[in-house]
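**Student:** for reference, the sequence and a predicted model appear below.
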Amino acid sequence: MANSRMHWRVKNRERKAYIALCYWDAVVCLVNPDDMLADKAAITATIYHTHTSDQDNLMARLKWPVDWIKDNGYIWDDDPDHLVWTGVPTQVKCKRDERRVEFVLEAA
């Protein structure tokens, strides 16, 4: 959705569908329960996609997934006081059916 120019209602419908898919796909949680809701967390992201993106668009692609992580209690907030990015997300080219985003969360 990085460079998307769609009507707000269509975008909101797409966001809700994405969030619903996140619940279905989040079957394994590798976060240590003691680290959940740490005061400050460090995050690393890897985006697997069919094509490479500009670095500024990589961050825009992570808006909805990071909001899902926050809304489900893995981090307090996604502001700079609570979430530190370890760098620009890395990207890996893959086949269409292997597209995904992988996060590593650690207490900071």
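**Tutor:** Looks like it came in fine. These figures come from a predicted structure and were not determined experimentally.

**Student:** now the helices for the chain?
**Tutor:** 8-25, 55-61, 63-71 (DSSP state H).

**Student:** deepest of these, which one?
**Tutor:** Ranked by mean neighbour count, these are led by helix 63-71 with a mean of 16 (mean count of other C-beta atoms under 10 Å). Where you see a C-beta, it was placed from the backbone N, CA and C, and this is true even at glycine.

**Student:** same question for it, mean pLDDT?
**Tutor:** Helix 63-71 shows a mean pLDDT of 87 in the predicted model.

**Student:** need the helices of the chain in JSON lines with distance to Leu105, can you?
**Tutor:** Shown next, in JSON lines, are those (distance: least, C-beta to C-beta, whole Å):
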{"stretch": "helix 8-25", "distance to Leu105": "15"}
{"stretch": "helix 55-61", "distance to Leu105": "17"}
{"stretch": "helix 63-71", "distance to Leu105": "7"}
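
**Student:** confidence-wise, which of the ones you listed is weakest overall?
**Tutor:** Looking at the helices of the chain, the weakest mean confidence is helix 8-25, a mean of 74.

**Student:** from the centroid of the chain, which residue is nearest?
**Tutor:** What sits nearest the mean C-alpha location of the chain, by C-alpha atoms, centre = their mean, is Pro65, with 3.1 Å.

**Student:** Lys95 contacts His51, correct?
**Tutor:** No. With contact defined as C-beta atoms under 8 Å, Lys95 does not reach His51; the gap is 11.7 Å.
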